[in-house]
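*Asks:* This is the structure alone, sequence omitted:
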């Protein structure tokens, strides 16, 4: 019988495999998210409630800002962020040397890709003036194309075309796509560029990706390098002060008593007040006052230079601390905030996981990268409480522990921010410390050391509530330590603490030497600083482990490992006893402030009381496009013989390099009339005025310069005419720059150091 012919069959390229449960889950999430994005509510942003705004009195401004925040915390913490508007008369000198030739690095942000969680590349490096020139041109270009479309296009645009694979153009730092017509984004009904209109523009770019826009954002600029916008304390109240640690935080009179705090609005006040962001971390009511080593962004402020749509993405602060941000100059910033409760913080993380689940598998700590920004509309529809605030010139924004916050700039501006911590922060610090250990993320300082240091300053624990919070955390730390020590010793780990002479932990403060020592005892697994004890092995001279993860350290047998103990059980018990004794002495405070978090209502947030004008301002205020400083080339100016160099003069002529003394017509427009903390300011700064007090030497000392022969007459208001200035510039420069006239307030100091660096050292951690 013949065999039947074999049939030819097509072999499939790959066998069919049903989707895995994970793939099915991801596909389902993608479909659900696409439906939500397809049905975007155009009015959802208008329903986001406004957060609270507080108006401290002059007397409260003369006191400690942390005491003021304790008073308003119950009302503000439920929103996660709040705004503080100083009273009339608040006019701190802008101490930043805007003529500084140093450049700062920026980040290149792709605004249309902020929802993807991609990292930011490096942008261009700028001087202050260069950045302002770029930011101003970009804002003017956007206003011309989007809000002044009817006007003829008479000026060139700084924007360039992006391609499918754009590279950073060093000559053009703001780039838009020419593939999309300028009419793609439908203009709002009003032709005024208001914060509300720009908010719609921004989220159309982020969510709708209607244009490809890249901007350069000057974030986290080191104030030890470029200088702070606030003056430096003479009383040693800030880390950047030359006499920090050598001078007490209060001045003393000749009889040995303490001088009272300076009066509001005086020259000394702006140097020494704790509303000065250089000083607030070292307030006597701040937990961070025990940290005596400069840590950039923590107790040393960072500067922020923003332009239109430059973004600070969703994040909460390091170690879940408080933060305070001050808006020095320029266009407003739009802020969004989420309460710092566990449920709301988990809600933000849930949104991240729903929209970026694949990204989070590759980058588990994506939320710490501060590169992702979702619309508050999405948070709102996912049941997460969210609010917004508009920050104008001269206003503070405070964020509360664990509160997620983010936002963007509406034009050229300059801000400054720093962290601080009240004692109610301690429970949040515990959560942050545990989270860092989960992601093996090093903390900026040792949580255990800070708590133990606080406990050794019992005289600074003001209330029983604070003492109870410190005592509770000490008992938790001691309980874990003793339990794990017992388990390790029973497993065969040797206790050599009696045989090894370990350097003792310093308990009066956290200084640079202590921080360096802590860096040498990071757990190799979770990066926790082993403050109380650590496990080491004979196989390594440098590797240590915390008591939780000693079994991950190496493959050696247990008997080769040994236990190092810096703090004994008796020392821990004695410390707790001192704190509890202090609690009995102080009793409960006569205030509603407690050491724990206030209760945040579960109901959806509504507009905070008194925010009607904030909402109206958001829809009607015309956003300025002016730079924070004059962009004219620096030209020496003659000093008239009949005009006083005193700041009390009615018509001061700007001295050489005194940028803040230039007429501020544009800046007055920026401040507007709402809330009008800066609207009545008159910049009459000169060499003996606020810039001299700011410890940033922007002007030359003209004292003793005689009028030149044939010095031209001045106008009726005491100012030289333009022609007279031009005629006498060269001769006047020769007189001003005589070496004999250079003093400690001039271009060069007596020690020969450049004036910009004279009051700042490198304190970066």
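*Replies:* All right, it came through fine. Note that this is a predicted model, so its numbers are computed, not measured.

*Asks:* The nearest residue to residue 236 once chain neighbours are set aside: what's it in contact with?
*Replies:* Leaving aside its sequence neighbours, residue 236 sits nearest to residue 247 (C-beta to C-beta, 6 or more residues apart in numbering; 3.3 Å). C-beta here means a position set from N, CA and C on the backbone, and glycine is covered the same way. Contact analysis of residue 247 by C-beta atoms under 8 Å, 6 or more residues apart in numbering lists 235-236, 241.

*Asks:* Of the residues you listed, just say which sits nearest to residue 471.
*Replies:* Ranked by distance to residue 471 (C-beta to C-beta), the contacts of residue 247 are led by residue 236 at 31.3 Å.

*Asks:* Which residue ranges of the stretch 51-200 of the chain form strands?
*Replies:* Using DSSP state E, counting those that start in this stretch, the strands found in the stretch 51-200 of the chain span residues 53-54, 81-84, 104-110, 121-126.

*Asks:* What average pLDDT does the shortest one get?
*Replies:* Meaning strand 53-54. Mean per-residue pLDDT for strand 53-54: 97.

*Asks:* do you know how far the residue nearest to residue 236 is from residue 233?
*Replies:* With distances taken as C-beta to C-beta, to the nearest Å, residue 247 is found 9 Å from residue 233.

*Asks:* How many residues are close by residue 547?
*Replies:* 21 (other C-beta atoms under 10 Å).

*Asks:* my read: it touches residue 533, true?
*Replies:* Yes. Using C-beta atoms under 8 Å, residue 547 is in contact with residue 533, at 6.4 Å.

*Asks:* Common neighbours of these two, please.
*Replies:* Counting by C-beta under 8 Å, 6+ apart, the contacts common to residue 547 and residue 533 are 481, 485.

*Asks:* ok so, going back, can you tell me which of the strands of the stretch 51-200 of the chain is nearest to residue 311?
*Replies:* Nearest of the strands of the stretch 51-200 of the chain (C-beta to C-beta): strand 104-110, 5.9 Å.

*Asks:* so what strands line up beside the closest one?
*Replies:* Sheet pairing of strand 104-110 (DSSP bridges) gives strand 121-126 (antiparallel), strand 214-222 (antiparallel).

*Asks:* Can you list the buried residues in it?
*Replies:* Within strand 104-110, the residues scored as buried using 16 or more other C-beta atoms under 10 Å are 104, 106-110.

*Asks:* Same check on stretch 558-573?
*Replies:* For stretch 558-573, a neighbour-count test (16+ other C-beta under 10 Å) marks 561-567, 571-572 as buried.

*Asks:* what element comes up after the strand or helix carrying residue 450 heading to the C-terminus?
*Replies:* Assigned by DSSP states H and E, residue 450 belongs to helix 447-455. Downstream of helix 447-455, the next assigned helix or strand under DSSP H and E is helix 464-491.

*Asks:* so that next one versus helix 447-455, what angle?
*Replies:* Helix 464-491 runs at 130 degrees relative to helix 447-455, counting by axes from the mean of the first three to the mean of the last three C-alpha atoms, to 10 degrees.

*Asks:* which ones among the buried residues of stretch 558-573 are found in strands?
*Replies:* 561-565 (DSSP state E).

*Asks:* got CSV for those residues, with pLDDT too?
*Replies:* Listed next are those as CSV, based on pLDDT from 0 to 100:
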residue, pLDDT
561, 95
562, 95
563, 95
564, 94
565, 95
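
*Asks:* Contacts only, for residue 485.
*Replies:* Contact analysis of residue 485 by C-beta under 8 Å, 6+ apart lists 495, 533, 547, 563, 565.

*Asks:* How about residue 627?
*Replies:* Applying C-beta under 8 Å, 6+ apart to residue 627 gives the contacts 132-133, 135-136, 330, 412, 666.

*Asks:* now residue 500
*Replies:* Applying C-beta under 8 Å, 6+ apart to residue 500 gives the contacts residue 564.

*Asks:* how about the strands in the stretch 251-400 of the chain?
*Replies:* 302-306, 311-315, 322-330, 333-337, 387-391, 396-399.

*Asks:* Nearest to residue 609, out of those strands?
*Replies:* Of all the strands of the stretch 251-400 of the chain, strand 387-391 sits nearest to residue 609, with 13.0 Å by C-beta to C-beta.

*Asks:* Just want the angle from that closest one to strand 333-337.
*Replies:* 150 degrees.

*Asks:* so residue 221 touches residue 301, yeah?
*Replies:* No. Counting by C-beta under 8 Å, residue 221 does not reach residue 301; the two are 9.6 Å apart.

*Asks:* Comparing the two, which residue is more hemmed in?
*Replies:* Neighbour count, other C-beta under 10 Å: between residue 221 and residue 301, residue 301 has more, with 32 against 22.

*Asks:* Let me know the distance separating the more buried one from residue 406.
*Replies:* For residue 301 relative to residue 406 (C-beta to C-beta), the value is 19 Å.

*Asks:* what do you get for residue 469?
*Replies:* From residue 469 across to residue 406, the span is 29 Å (C-beta to C-beta).

*Asks:* can I get the strands of the stretch 51-200 of the chain in JSON lines with distance to residue 307?
*Replies:* As requested, the strands of the stretch 51-200 of the chain are exported to JSON lines (distance: least, C-beta to C-beta, whole Å):
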{"stretch": "strand 53-54", "distance to residue 307": "25"}
{"stretch": "strand 81-84", "distance to residue 307": "22"}
{"stretch": "strand 104-110", "distance to residue 307": "9"}
{"stretch": "strand 121-126", "distance to residue 307": "10"}
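
*Asks:* got a list of what residue 428 touches?
*Replies:* Neighbouring residues of residue 428 by C-beta under 8 Å, 6+ apart: 320-321, 340, 401-402, 597.

*Asks:* Identify, from these, the entry nearest to residue 286.
*Replies:* Nearest to residue 286 among the contacts of residue 428, with distances taken as C-beta to C-beta, is residue 321, at 10.1 Å.

*Asks:* Next, the closest one: phi, psi?
*Replies:* When read as degrees, to the nearest 10, the backbone of residue 321 gives phi -80, psi 170.

*Asks:* thought it was touching residue 422?
*Replies:* No. Look at residue 321 against residue 422 with C-beta under 8 Å: they stay out of range, at 9.5 Å.

*Asks:* any idea how far the closest residue to residue 437 other than its chain neighbours lies from residue 480?
*Replies:* Leaving aside its sequence neighbours, residue 437 sits nearest to residue 526 (C-beta to C-beta, 6+ apart; 4.1 Å). Using C-beta to C-beta, residue 526 is found at 13 Å from residue 480.

*Asks:* Please apply the same query to residue 91.
*Replies:* Taking C-beta to C-beta as the measure, residue 91 falls 51 Å from residue 480.
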